[in-house]
Structure formats: structure tokens, C-alpha cells
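*Asks:* dropping a prediction and its sequence here:
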Amino acid sequence: MSKVNLTINGLPVAVEPGTTILEAAGQLNIHIPTLCYLKEINEIGACRVCVVEVEGARTLQASCVTPVSEGMMVKTASTAVLAGRRFSVELILSNHPMECPTCVRNLNCELQTLAGELGIREVRFKGEITSYPRDDSTPSLIREPNKCILCRRCMAVCEKVQGVKAISLQFRGFNTVIAPGFLNNLDMIDCVLCGQCALVCPTSAISERDDTGKVWSALADPDVHVVVQTAPATRVSIGEMFGLEPGSIITGKMVAALRRLGFDAVFDTDFTADLTILEEGSELIKRLTEGGVLPMLTSCSPGWIKYIEHFYPDMLPHLSTCKSPQQMFGALAKTYYAQKAGIDPSKIFVVSIMPCTAKKFEAQRPEMNDSGYQDVDVVLTSRELGRMLKQASIDFVSLPEEDYDPPLGISTGAGAIFGATGGVMEAALRTAYEIITGQTLENIEFKALRGLEGIKTASVMVGDLKVKVAVSHGLENARKIMKAVKSGLESFHFIEVMCCPGGCIGGGGQPIPTNKEIREKRIKGIYLADELMTLRKSHENPAVKVLYDEFLSKPLGEVSHHLLHTTYTPRDRF
Amino acid sequence: MSTYKKMNILVCSGAGCISSGCKDVYQTLHEHIGNQGLLEEVRVTQTGCMGPCDMGPVIIVYPDGVFYRRVKTEDVLEIVVEHVLKGRVVQRLTYRSPETGDYLTSQQDINFFKQQTRVALRNCGQINPERIEEYINNKGYCALGKALKDMKPQEVIQAVKDAGLRGRGGAGFSTGMKWQFSAGAPGPVKYVVCNADEGDPGAFMDRSILEGDPHSVLEAMAICGYAVGAQKGYVYVRAEYPLAVERLGIAIDQARRFGMLGENIFGAGFSFDVEIRVGAGAFVCGEETALLASIEGRRGEPRPRPPFPAVQGLYGKPTVINNVETWACIPPILLQGPEWFASLGTEKSKGTKVFALAGKVVNTGLIEVPMGTPLGEIIFDIGGGVPHGKHFKAVQTGGPSGGCVPARYLNTPADYESLSGLGTIMGSGGMIVMDEDTCMVDLAKYFLEFVQDESCGKCVPCRVGAKRMLELLERITRGEGQPGDIELLEELCHGIKSLSLCGLGQTAPNPVLSTLRYFRKEYEEHIYHKHCPSSVCAGLFISPCQNTCPANVDVPIYIDRIRNQDFAGAYQIIKRENPFPVVCGRVCHSPCETRCRRGLLDEPLAIRRLKKYAADYGVTHQDEITYTKSKDNGKRVSIIGAGPAGLTAAYYLRRKGYQTTVYDAAPVPGGMMALGIPDFRLPKGPLFAEVNDIANLGVKIVLNTKVGKDIPFEQVRSASDAVFIAVGAQHDHKLNIPGEDLKGYMSGVDFLRDVNLGRFPAISGKSVTLVGGGNVTIDAARCAVRLGASEVNIYYRRTRQHMPAMEEEIEQALAEGVRINYLVSPTEILGENGAVTGMVLQPMKLGPFGDMGRRRSVPLDEPPSTVKCDLVIVSISRSAEVGFVDGLEEVLRSSKVAKDTSTGIEGIFTGGDCVLGPATVVEAIAAGKSAAVAIDRYLGGTGQIVEPLDVERKYTGPVIEEERSRMRAPTLPPEARIENFTEVEQTYSKEAAVYEAQRCLRCDVRD
């Protein structure tokens, strides 16, 4: 089809038919501010911030949803346009609590930024402010509907990306509120607590529960031995909150920063990621050789676990019984590490730094106390850690790079790639291949399993066995793959499912903004981190070997069974 | 197939008539016809809505087309026995003309029906909607047959285009073009949708068509399906229309059974079927994209367009969406031809339009007229005008997305372009008539409440902006408006209009914009003066009567004093705000009574008569009254004119301590009260008593002194710190026709002055002719009767309902033998030997509407007639003579006198009739009060002339809520009163006054 010619601010541009004015302007590097717009996910023209003047049109047009047409003449910054934008934002502000200085999103709020950029100095329209109760029913997320500007990005992500539809529009007009049906709280419904909504919220209408206070208290208590683990995906994202490029590997600085905060031991979840590979790999081999339920589904992602419990409770036997690396770490910290370090486990306080809001829920699951205590005491998201560092005025960027503490800080590249979609599968294949065949895997990079394609599949010859694997990320893709599995149309041996798009690097607890471009950069960082490691296969992790020798004896053994494996709970949809 | 019988009786079974009981009437009628053994000869049919919903249940008896209204079951036997059996029309149940009072038996004689052209409503009220046979008998499904057999799809589309049909849902987009787009869109699957999500308050044409003629919609949808290539149609109808849903369902079943829907219709190889989708009644679902979302089972919210539904609609397929009324026009267009349809209406707005007449109009209901019919004709000819003698104020068209049209635009043709030119829209055809009792700010608030409530909440400007507008309006109507609010409202309006996503938001500000455009003063009154002129915004006044009184008299309190037999107290309450209770008790035009809430229950309280009772008591019991005098403040004010304005100003200024002198050219004080009103309405005794009260305060009244002639104005001016000019309107306007110089020609004011001064003209036995329609004319005529005229004729160029004179006066004049001749205008006064002998009169008719919403009087194309008479008294208009003050004439001519009576000339104030033209006593009193306030302020005072009334507003007796007619005051019988000038209206007895006072609902007491 021939291109469509138009002018924007007098500059000619030719674009594909169906292109929106916003996209066409982007091609000319003309910036048009947006608020409700979320590329390919929420293109509804509701906030009226991206309006532009189109010659001949009766009203201002929302550029995010208006397709170009031949000969169109667009102005993106005329007086009328700016007045229109100010009008929309002023109206939004007139129904906003304006608690900026004390808001968790202060200085990282799209509404605040927009108001500043548009030069709004006064809100002249005054009146009622919508008031709905705050929802702090879950360990993961806090909903503050009064700060909601009804951009619907959360809803769109929940519906289109995650396929969950936990929240929707209730009532109409000025009384409209985005909430679970019948204004229920999140703990009453099938919300998986993935936090993707919080990630796209322009304000703080949905945000992570702040648990930093508990950590500050533990750190201040001389009787408590506070240990911390950092998830694979955090090492390529935390830097963003301090002005570093997305994907910058800040592992060493993060370790240093945690030490400066006063943690008694700084460990790495990558260690238990390696351990997971050994346990889960063995479980897969067992299912393959002894005849177990196939395909086997990964179980590291707590959002995914909650999803399958709600949406496919009949499929629970497919899940690997392995705990997630975070929970394996917690169980070992209060047993193996306690013994080794000679510390009373009741005095050990385990903190996790996770890219994830669902991890907060996972840590509180009643079955997660195999150490005799709650295995993980507090889960902090990447964002919360960033806030703690800022509160402590730690100059993150200039910190030296330091190493994790042994033994639970020793890891391989295979553990690191857990942070990206396809990483668990790749790590598992690296180990399973060598264990089953007894041969060294030459090309350890499974490129087919990498990247942001929603569902990736591959067949790998492991000895005589052609292992069919699939990888999905984002729960809408999980739903598709579950449907395929249930229908019997596709037969896989092993499927990796990650709740969040891009895997944990795109987790709901990661720095804001997190979008496709940033996800890609973080993934790049993760694989670079893998490349930089000398050891890149989990079964080569010396500390893991020692762990088996000293404590666990063998994968799927008695102690493993007790500490590292778990069970699941079928849940209702409502 | 049914056939017509000897007699056909149609019983309206529209939803309106059902709610007024037509089902029982039908049953009873059917039984009685059966009992008489007449079922073979007489057919009784239940039809859809006939239109005049206010008159339901309605019945039409054919072959003569006799129209019966408000028929009750107990009336049915009489209709059967008298009309059906004996052929005698039951007159009392027929329509009575509001203009002439005549009974009009035939439907065709009634303006409401006569002036309609029914296309979309052609079958409504004519056929039984539940019988497809009747539809087919009326050429039903012939258009579909014609299309399928004789026309190519493109020819059908061309016919719709040629007809010029535009969407009747409101936006007025070309229907043919819509079909064309859809036909041209690629893809095998297309849809046809009928939008029956009618939601404008007061509009119900879609419902009536679905209820009264559902097949016309089905037929049209099938025609469209054939034209654009669709096989499936949906009717989206709101759940609040159960009867429409039911009848539509019946129609679909019957059409399928008759092969009009389904496979291979008419054997032409075309298949089409229709399903009903019932909507939950969200107003926004009338917006086409929201409607489609709702059909698909999603939340009914609009989406941005393009893509338009014609290209990408239901389930993403090309979809034609038309409104019910639009569909109903399609079959006649195909059958009678596009040229016929295009010949109706105006150049750009073809065909007819259905309007739902509602509000303050005599005949409410559904009507259909050619596009371009003037608004005034719809409201006054078909609608019968405004009931209860109230004034037309505005008409609201287009529902919540529309706007108001004020009285001066009544000649506007009702078509798409003209209405949008006035800032309103055609919309779906809602037409809400408003009278003087409507507050335009409150009206805007009402519509904003509606749209705010119906906003889907998707886009910011509509969701938040409409709410903010509503809140602003609420503040203003609560009396909390602030300067700048109007500008903020305007900004909201423009912002919401230009930024909203869909039509609902883009038009939501229209009610505010149009009321601001035409009634900005009312907003200003609310904001700056905390005054609601229509007495609607209850937070802004004590009671409607007090709010309406130009003199601000606290009516409910003095009524309450009367109820408790504290008559002197009542008198003093009145006199605080009005120095002339005795006068106003007799001649006030009592605007308070027109706003009395009691009038909604039975009759307004007789406030004037109660005032008269209290006033007469006060005047005769001066010992019970206390007066306070103020000390001199050393400043001097001169007042020119001792009429009600001048004396009132003197009264209040003197009480504030000013040395006050009043000059008047006449030999008696009182101005028009003394010289313009005859003794039989206002005896001089009580009047002079009240003037004396003022003089007793220390006001100096200098009579027989015309300023500018007997004494130079400069002298008065230099002796005073301020001057109030209140000389009234003494200069009579002439007709400017030949013969005004003849002997026997007089002005009404001159005549009344002579009579009042006892200089009775010798008119005994003479024939007196008067020209005019105001109180002066009526008073003069009644004087002429008393002076022994052989005959007294009034000639007036409009009709009685347009006469400015008070209704009571007209009644009394007629009773005294005065004859009033309407719709005539004198063109010449004839004379012989220099004396009047007769008058030439041109017959007139009511023509287009004037600026005030009154119809102009225009000559009828008939020859003039001549009447004989000896005396001609003319009173058509008057103006002031103020040439003695430099520059004042120019100030008056250019309407530069401020509301507070200041003139822009240093120290000179003016008010009363000389500013207003001939007005009423109480308006002159109000002007006098304004002048006192302004002069006091000008001379350094506070401007407070009346201390606030410190009174507890509470009930002192039970509120009488059952109906109780107002107490009549006795009047002298006509034969006794035409002999003399004795006061005609008598004062209440004490018992009557107390009894009447008990009727007060005490609107001033708030919980």
C-alpha cells in the first residue's frame, strides 16, 4: 500500500496507512505527551492529554487513536492544543488528593511530571474528590483508588497481557472506580499479585506494599543476624533508579550497598537457582525415565503459581514440586547456614531483594516454614531497595564493587539467566544434557529460547531422547500454552512459565518505568552477566556440590524433599 | 385479513393512554358493543399512540372521525348508546378549543391534528400494532416487495439519498450516504442495527413507533439489508420500554410467519432476520459505538471514530445504524418516491420530523410536522400555547445535548440548520416548553445533572468536567456564586466541548452555553444579587411571593399575623417595605399570586385581598400603629413628581433624616394613583390617608408646581444635595392616523385625569369608542359606562389573551356592558364639522412572533369596516417628558439609567414610569425604594433604608394540605355599580380574612 502523506507542525512525513498521529509524530521526533496511552496495550484516547489540532476537525483529536489521512495538517503544540492539555490535566488534578510530597511516587509520577511540564500552577476547578477505601488486603499490593486517574492501563495490562481481568470498571461517570468486581478487595479474588498493574500505573493508585520499615528495624536490632539474598533480575535493574542505563550490571555495587545498609551477610539467590536446576532437573529426568506427569511445568514464578492454582487447579500435578529459589534460600538459611555459622536460627532474619510483588505473597504462604520458622521474613522489591538506599543517602553509582559472602553467595551464569524469560529452561538444559548424556555441552547458549516472543518452543536431542520444551512469559501466553496442553494438540516434556512479560527482569517490583525497550536492555544485561561468569552450568557450582556433600546428600533426597520441595493449593476464581 | 366495518372505533393504547386507563376503557367498550349485539357492525381496535398524551385515554370513532378525550369507563355506555346507536356525538367528551371555548367534534377540526403531516407516525394510532394484517392493509411490506422485485440495491440507496433523509436520532447525517459507505465496505458479513436506545428526557417518538407501528421498522431494516448486503439486523431497545419490546417481538414473529423476514423473502433470493437486544438503559448507549459495544456484551462505552461503524461496526463488520424514526420514513420513501419526500421540509432538511411536546404547553404529546415549521406554530398552534395565562419564556430542544430558544426566536423554522444556528440542536425531537416560572440556571443544572449522571466516565473532560460544571451550577443556585464563576463555566464548556471523546461529552455543555447566551442576566442575578427572578432556587429567597414582590414585602409573615388576628402587626409588616398598603391592596397586579405555591394545589392565596384587609384595618386603627421618626441629618433632597415612586422615595429618605421636598404639577398628590385610577377601583380617601402618613413624617409636598415652568429646575437643583426625577409617563402616544385633531378625540390619561378631578366630560347618551388593551383603556371604558355613554366599544388589535390589562378588570368591564372587539386596528377617525363621527377599522390577524414572544398583529386581506361613534379615547403607549433637565432625555432614550436609578448626571436620579414607561404601582414603589437607597449612599449613608426583619419563621397553626378554594371577596353587582363610582370590590370580613390566611403554606418556614 502506498504511504500516507501529511504534515506535522509544517514538516512533511510519509507513513504507512493506519499509523496514528502519535506514531507519525514520533517518526519526526516530535514529542506528544501521553498519559493513558500504553503502546499496543491501552490505546483508548481517554485522558485527552495527547490531543492535537487537525485542520478542519471540529474538536481536538487524541493523537494516540487518530489514524493519519492523506493531506492531514497537524499541529501538536498550538495555543489551543496546550490549553486543551492543561484543561485535561487540571481536571484530573481537581479530583486528585495532591499529596505529592508524601506519596510513594513522588518525583516518579507521570501526572506530577505532566503537570510540571504543562506549567499548571493552580487548580481552579474545585469540588468533590472521589473517595473509595484503600485496599491493603494482600501482602503484595496496595490499592489507593483515590489516587487513580482512570487511565485504565492497569486494567488493560491485567486483561490483555496477563489474561487475569482481576480489576475492572465499577460504576460510571464521576463515580467510576477500577476495582475487583463488587468492590471486593484483592484478597477475595483471583488476582495473582504479579504487580504488572503497579508497574504501569502513572500515579500510585496501585503500588507495592512497603516493607522497608521491618527491614530497618531488623537491621537496627543487634541481636538479630540479618541476611539478604538478591534475585537474579535485580542486578540489571537497580541501577536505573540511580540514573544508570537499563541493563547495567550493578551486582558488585549492590552487594556493597547492602553491606553499607548493615546486612550481616549478603547472599545471592543465584546460588539457589543453581540448586533449583539440580533438584528440578532431577525431577524432570525422573518423570521422563520413571513415567511421571508430563509436561512438567516450572515453579519458580509465584505469580504463575497463584495463577495456575486459580485458573487451572486440575493441572497442579504438572508443576514441579521444587520451591522457588527464593524459598529454597530461606529454608537453607535457617538450617544449613545457621548450623554452619553457628547461629541460632531464631535469630536469623532473612530478607529477599526481588523484582517481584508476588514474592511477598509467596514468602507468607503457610507451607513456607520448613526450616521451623518462616523461611523468608521480608521480601523487598527492587523499588523498595532503591528507596532504602536513597533514604540512607548511599551514593550508589560511586560504590566499589564487592563480592557476595560465601557459601550462599557463590553461583554460576546459569543461575543468573533465571532472571530472563527462557533462562530457567536454558539453565536446565545445560545441566540435564550433561547429566543424562555424561558428555560436555559445547554450545551452551540456547538462542531459540531467548527473547520477547510470547511463546518459544524448541526440541533438543538429549542422547536418544528428543526433548520438546516450551517457554512462555506473561500469563496470557501461559493461558494459551495451557489450553494447548489441555487440548492435547501440543505435547511437551518441559515448559517454563514466567508470570511477567520478559521474565523476572520485567517483574512487577522492578523500577518504573519498565517497558519493552527497557526489558530488552535488561535481558541483554542478564545474558552478559552469564557470559562474564567462569562457571555457567549449575551442576558445576562448587558451593552447591559442598551443600549436597555436607547437608543434602543428593537431589530429591530426604532432606531436599523436606526443605526444597512443596505442595500447591487449588483456589477458586472468586 | 381484516376489513373495515360500518363503524370503526379506535382506542389509543400507547403507553401514555395505558397509564391513564385505556385498557379498561377498551374492555368496557368491547363489552357494551357486544351487549348491544353490534360486534358485526362495529369494530373496536386498540392502536398505538395517537399523540395527544395529555388527553388520554383517547378514542376516535369512524367514519366521522369524532375525537373523544379523557374517556373513563363510566363514559363508555353513553358513547355506545348515544353515538353508536343514535348517532349523537357526546359533546362533553370532545375537545374544547382553548381559544374560542367551542367544542370541536371532529379530529380534523382540531389544530393539534389539523396542522400535522404524519409520515413516520403514519400508522401510529391508525392500526392495531399487534396484527401484521393491518399493517399490510396499509401498504405494509409493499416497499420491501418493490425493492426486492423492481430495484437494484444501488437504486434503493439512490432513492434514500435523493429523498434527502437525514438521521432522526439527532446528528442529521445523510442516511443514504451511510448506506452507501456500508454497501461499499468490503466483506461478506454486514449488519443493520436499529437504535432504539431513546434517552432524551421527555422524548418518546421511538417508543411510540415501536409500540404503534413496529413493522415499519422491520420492513425498513430488511430494505436496508437488501441495499447494503446484510442478512442480519438487531434492534437495540432499552429495557424501560417493555411494551415496545413485547410488540416488536410479536411483530418479528408475525413477519417471520408471513415470510417477510427469514429465508428467501418474496422468493427473491434475499434472506434477512432481526433480533432484539435489550439494553439496560444507559443514555450513552445511544451513541453508536457504545451501542455496538453493548450489543457485543461489553461495557457500553464509546470508542474513538474513525473507523466509523459503516465501515467497521458490530463485531468489526460494516454496520448501518439508524434511529427508529429514520427507519420508519424508509417505506414511504420507496412507495411514494424520493421526490415526494424531498418536497416536504426545507432545502437542506427534507421530510417531516416528529417532536415530543412537553413542559408548559397545553397539548403535550407527539406530533409530526414538515421540517421547517416555525417553532411558534408548533408550540402555539399545535401545542395550544402556555397554560394558565403564563408567559412563554423559552423552548428547550434536543434534550440534554440541546439548548434553549428564547421567545424572540419563535419564528425560527424547526430544521437542522436553523436550530444549530441558535446554539441548540434538533436532537431526537424533544421540545420542552418553559414559562416564566422556569429558572434558566436551574434548568441548566437539571440537564447537567442528567449528563453528569449518564457520563460513562471514560474520558476526562466529560467525567470530571461535567461534574465540575454541575458543582458550579449547584453553588450558584445555592446563592454561593462568586465573581468569575460565569467565566469559569464558559471555560469548562469550551474545554469539554473541544476535548471530549464522544458526542455526549461534546454536547454536554450546550444547555449551559445556550442559557448563558440568552439568559446571562439570570446567572448574574444569582451570582451578584443572590436573587432568583423565577423564584425557583429556594436557597435564594424567603418565599416565592416575597421574592416576586417588587417591593420585597415579607408576605408570609403578614399573612401569618392576619391568621393570628394581629391585623395592626400585619399592616406594619407591609408598611416596612411599602408605604402604600391601601393602594396596593386594591390595584396591585399582584405578581406574588402568580408564584404562590398554593396555586399548584388548588388556587393561589388571595394575597392582595388579604393586604387590603390589613391595610384598611391599619388606616382605621392608627392608635395601634407606632411610627418612628429620625433626626434631621441636614441634607436636602428634592423629588419631582408626587406619584408612587416619588412619594416612596420621600418616605424612606425622610425616615433617614433627609429634608425632603416633593413637587407636583397636579392639584392633588398621588400621581397616577390619584389621577389615573378611578374611584371605583381606588377611592381617594384611603389614598390620601396614606399620602398624609408620608407628609406627617415631615415630607414637604408642593402641589400645583410644574418644575421647569412654574419654578426653574436650576432653583430646585441648587437648593438640594440630590434630586429624584419621578415625573411618570404623561405624554400620550398617538395613533398617527388621520382625524386625531377632531373634537371628541381624547387620550386615555387625559380622560381619566378629568374624571378623577371631577371634570366629567359630557358623554351621556353618546357612543364611546376606545382603542387599546391596557388598564387605562379598561378604566376609561368603565368610566364612560358610569357617565352614561349609550354604548362603549373597545377595539384591540390582538386577541383577549394578549391584552395587557388585568384579567379581573376585563371581566368586570364586560359585566358592566363594555364590548371588546378583537383583531381590529383603526386606520382613520372620521368626522364632520370638526367633530368625531366614526372610525375606520382594519381587520387584523395574528402574524409572526415579535421579540417578546407575542404574535404581531398584521392586516388581514379584507376590506376595512366603518363604525359610528361620538368619542374616541386612545391609550396605546406613553412616555416621559423630562426636557427640563439638561441631558436627561438622552439618558432615557439610550436606556442609560442604572438599575439603582442613577443617571450618570451628578446628583440626579430617576425612576418609575418615566424610565419604565407605563408600569404598575408596585414597580414604581420599587423604583422609589431603589432611589432612596442610591441617594442615601450618594450622600454618604449606608444605603440601608429598611432594618432587617427580626422574626422567627415557624408554623403558628396547621398547614392545610387538603384542597380549599380561595375566599372570594364580594363585589357590587353590575347593575348597582354602573350608576356611580362606588368601590366595586368589597373588603373581606374579619372571618374571611383569617380563613383565607390559613391557606398559606408558609413556604418561608424551612426545616
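*Replies:* Received, thanks.
*Asks:* in the stretch 151-300 of chain B, which residue sits nearest chain A?
*Replies:* Closest approach between the stretch 151-300 of chain B and chain A, counting by C-beta to the nearest C-beta: residue B:299, at 6.2 Å. C-beta here means a position set from N, CA and C on the backbone, and glycine is covered the same way.
*Asks:* show the pLDDT at that residue.
*Replies:* pLDDT recorded at residue B:299 is 94.
*Asks:* and for residue A:489?
*Replies:* For residue A:489, pLDDT reads 83.
*Asks:* close to chain B: what parts of the stretch 1-150 of chain A are there?
*Replies:* Taking C-beta under 8 Å from any C-beta of the partner chain as the criterion, the stretch 1-150 of chain A approaches chain B at residues A:44-48, A:51, A:58-60, A:62, A:65-67, A:80, A:83-84, A:87-88, A:91-92, A:94-95, A:124-128, A:149-150.
*Asks:* still on that earlier bit, isn't the residue of the stretch 151-300 of chain B closest to chain A right up against residue B:293?
*Replies:* Yes. Using C-beta atoms under 8 Å, residue B:299 makes contact with residue B:293 at a distance of 6.7 Å.
*Asks:* who has more neighbours, the two?
*Replies:* Ranked by neighbour count (other C-beta atoms under 10 Å in any protein chain shown), residue B:299 and residue B:293 place residue B:293 first, with 20 against 14.
*Asks:* so the more buried one is in contact with residue B:301, correct?
*Replies:* Yes. Assessed by C-beta under 8 Å, residue B:293 is found in contact with residue B:301 at 6.1 Å.
*Asks:* related to what we said a few turns ago, now the residue of the stretch 151-300 of chain B closest to chain A, nearest residue through space, not along the chain?
*Replies:* Computed as C-beta to C-beta, 6 or more residues apart in numbering or on different chains, the closest residue to residue B:299 that is not its neighbour in sequence is residue A:169, at 6.2 Å.
*Asks:* the helix or strand that neighbour falls within: partners in the sheet, and parallel or antiparallel?
*Replies:* Residue A:169 belongs to strand A:168-170 when assigned by DSSP states H and E. Using DSSP bridges, strand A:168-170 pairs in its sheet with strand A:177-179 (antiparallel).
*Asks:* so how far is the partner strand off the chain centroid?
*Replies:* The chain centroid and the centroid of strand A:177-179 are separated by 22 Å under C-alpha atoms, centre = their mean, to the nearest Å.
*Asks:* for stretch A:182-199, same thing?
*Replies:* Using C-alpha atoms, centre = their mean, the offset of stretch A:182-199 from its chain centre is 15 Å.
*Asks:* return the set of buried residues in that stretch.
*Replies:* A:184-199 (16 or more other C-beta atoms under 10 Å in any protein chain shown).
*Asks:* now the residue of the stretch 601-750 of chain B found nearest chain A, nearest residue through space, not along the chain?
*Replies:* For the stretch 601-750 of chain B, the residue closest to chain A is residue B:601, as judged by C-beta to the nearest C-beta, at 35.9 Å. In this structure, residue B:601 finds its nearest non-sequential neighbour in residue B:963, 6.5 Å apart by C-beta to C-beta, 6+ apart.
*Asks:* what's the answer for residue B:706, then?
*Replies:* In this structure, residue B:706 finds its nearest non-sequential neighbour in residue B:665, 3.7 Å apart by C-beta to C-beta, 6+ apart.
*Asks:* which phi and psi values does the one you found adopt?
*Replies:* phi -70, psi -20 (degrees, to the nearest 10).
*Asks:* so who does it touch?
*Replies:* B:704-707, B:709-710 (C-beta atoms under 8 Å, 6 or more residues apart in numbering or on different chains).
*Asks:* thought residue B:819 was touching residue B:790?
*Replies:* No. In this structure, residue B:819 is not within contact of residue B:790 by C-beta under 8 Å, at 12.0 Å.
*Asks:* low-confidence ranges in the stretch 1-150 of chain A?
*Replies:* Applying pLDDT under 70 to the stretch 1-150 of chain A flags residues A:1.
*Asks:* so where do the helices sit in it?
*Replies:* Using DSSP state H, counting those that start in this stretch, the helices of the stretch 1-150 of chain A run over residues A:21-27, A:79-94, A:110-118.
*Asks:* equivalent analysis for the stretch 201-350 of chain A, please.
*Replies:* Applying DSSP H, counting those that start in this stretch to the stretch 201-350 of chain A gives helices spanning A:212-220, A:251-261, A:269-290, A:302-311, A:325-332, A:338-341.
*Asks:* okay, those helices, which one's buried deepest?
*Replies:* Mean neighbour count (mean count of other C-beta atoms under 10 Å in any protein chain shown) peaks for helix A:325-332 among those, with a mean of 28.
*Asks:* quick one: that helix to helix A:269-290, angle?
*Replies:* With axes from the mean of the first three to the mean of the last three C-alpha atoms, to 10 degrees as the basis, helix A:325-332 and helix A:269-290 are set at 100 degrees to each other.
*Asks:* if I pick residue B:199, what's in contact with it?
*Replies:* Residue B:199 neighbours (C-beta under 8 Å, 6+ apart): B:238, B:281-283, B:285-286, B:399, B:454.
*Asks:* return the subset of those residues lying in strands.
*Replies:* residue B:238 (DSSP state E).
*Asks:* list just the nearest of the contacts of residue B:199 to residue A:230.
*Replies:* Among those, residue B:282 lies closest to residue A:230 (C-beta to C-beta), at 50.9 Å.
*Asks:* buried only: go through the contacts of residue B:665 for me.
*Replies:* When the contacts of residue B:665 are checked for burial by 16+ other C-beta under 10 Å, the buried set is B:705, B:707.
*Asks:* tell me which of the contacts of residue B:665 fall in strands.
*Replies:* Per DSSP E, the contacts of residue B:665 never map to strands.
*Asks:* count the residues that sit near whichever residue of chain A sits closest to chain B.
*Replies:* Going by C-beta to the nearest C-beta, chain B is nearest to residue A:176 of chain A, at 3.4 Å. Using other C-beta under 10 Å, residue A:176 has 20 neighbouring residues.
*Asks:* about what we covered before: got a quick PyMOL command for the buried subset of the residues of the stretch 1-150 of chain A next to chain B?
*Replies:* This is how PyMOL selects the buried members of these, with burial counted by 16+ other C-beta under 10 Å:
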select buried, chain A and resi 44+45+46+47+48+51+59+60+62+65+66+67+83+84+87+88+91+92+94+95+125+127+149+150
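*Asks:* that's all I had, so thanks and see you.
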